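# Just the structure for this:
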Amino acid sequence: MYNQGMNVQTNKEQSLTKVTIHTDGACSGNPGPGGWAAIVRAMDVEKEISGYEPGTTNNRMELTAALKALQSLKRPCRVDLFSDSAYLVSAFNERWIENWRQRGWRNAAKMPVANQDLWKALWEEHLRHDISWHKVKGHSDNEYNNRCDKMAVNEILRNATRN
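Got it, this is the predicted structure:
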């Protein structure tokens, strides 16, 4: 009876909370002041999180938004993560990150991978959660992406004038 139960989800898979995350990052200049934002939805509850970095890049803010959202989850979850960052989504869906790890965090050109600190932390979250990565078109008709974009930009507007 080798195949018996092969199509049945394990207890761990069945017990994972389903979470939907939408993220975005923004930068005023690249590099420049940046903001990140995420909307985390689970069990009919929605939570908005966002933050600011005074000197950063757009890519760092995109990665930070995903990382902070995943880190906000108190236990392992089954996550659908939506981002308009092809860089972020492709790194997981096309297994770039696995290749970087195997090459000692070097890219195909044998140069150190940019934003290694964030990629390493995202890898740890990838191991903790069951994540499906989804690319959405930015600045389009996606309500959640537009909300995240507005929150990220507002972080820049609110904080950049203080510095």
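# which residues touch the residue sitting nearest the centre point of the chain?
In the chain, the C-alpha nearest the mean C-alpha coordinate belongs to Ala66, at 2.1 Å (C-alpha atoms, centre = their mean). Applying C-beta atoms under 8 Å, 6 or more residues apart in numbering to Ala66 gives the contacts 21, 23, 38, 81, 83, 88, 122. C-beta here means a position set from N, CA and C on the backbone, and glycine is covered the same way.
# Can you tell me which of the residues you listed end up in strands?
Using DSSP state E, 21, 23, 38, 81, 83 are the members of these that sit in strands.
# Neighbours of the last one, how many?
For Ser83, the count of nearby residues is 26 (other C-beta atoms under 10 Å).
# Wait, it touches Lys135, no?
Yes: judged on C-beta atoms under 8 Å, Ser83 makes contact with Lys135 at a distance of 6.8 Å.
# overlap in contacts of those two?
Common contacts of Ser83 and Lys135 (C-beta under 8 Å, 6+ apart): Val89.
# how about low-confidence regions in the protein?
For the chain, the stretches with pLDDT under 70 are 1-14, 162-163.
# ok, now with 80
1-14, 161-163 (pLDDT under 80).
# Could I get the full set of strands for the chain?
Going by DSSP E, the chain shows strands at 17-27, 32-42, 45-56, 77-83, 130-135.
# State which helix of this structure is the longest.
helix 143-160 (DSSP state H).
# Please identify the buried residues of it?
The neighbour-count check on helix 143-160 (16 or more other C-beta atoms under 10 Å) flags 144-146, 148-149, 151-153, 155-156, 159-160 as buried.
# Among those, which one lies nearest to Asp130?
Distance to Asp130 across the buried residues of helix 143-160 (C-beta to C-beta) is lowest for Tyr144, with 20.4 Å.
# My read is that that closest one contacts Phe82, right?
Yes: taking contacts as C-beta under 8 Å, Tyr144 lies within contact range of Phe82: 6.8 Å.
# Could you name every residue contacting both of the two?
Common contacts of Tyr144 and Phe82, defined by C-beta under 8 Å, 6+ apart, comprise His22.
# The closest residue to Lys18 other than its chain neighbours: how many residues sit nearby?
Using C-beta to C-beta, 6 or more residues apart in numbering and skipping the chain neighbours, the partner closest in space to Lys18 is Arg78 (5.1 Å). The tally of other residues near Arg78 (other C-beta under 10 Å) stands at 17.
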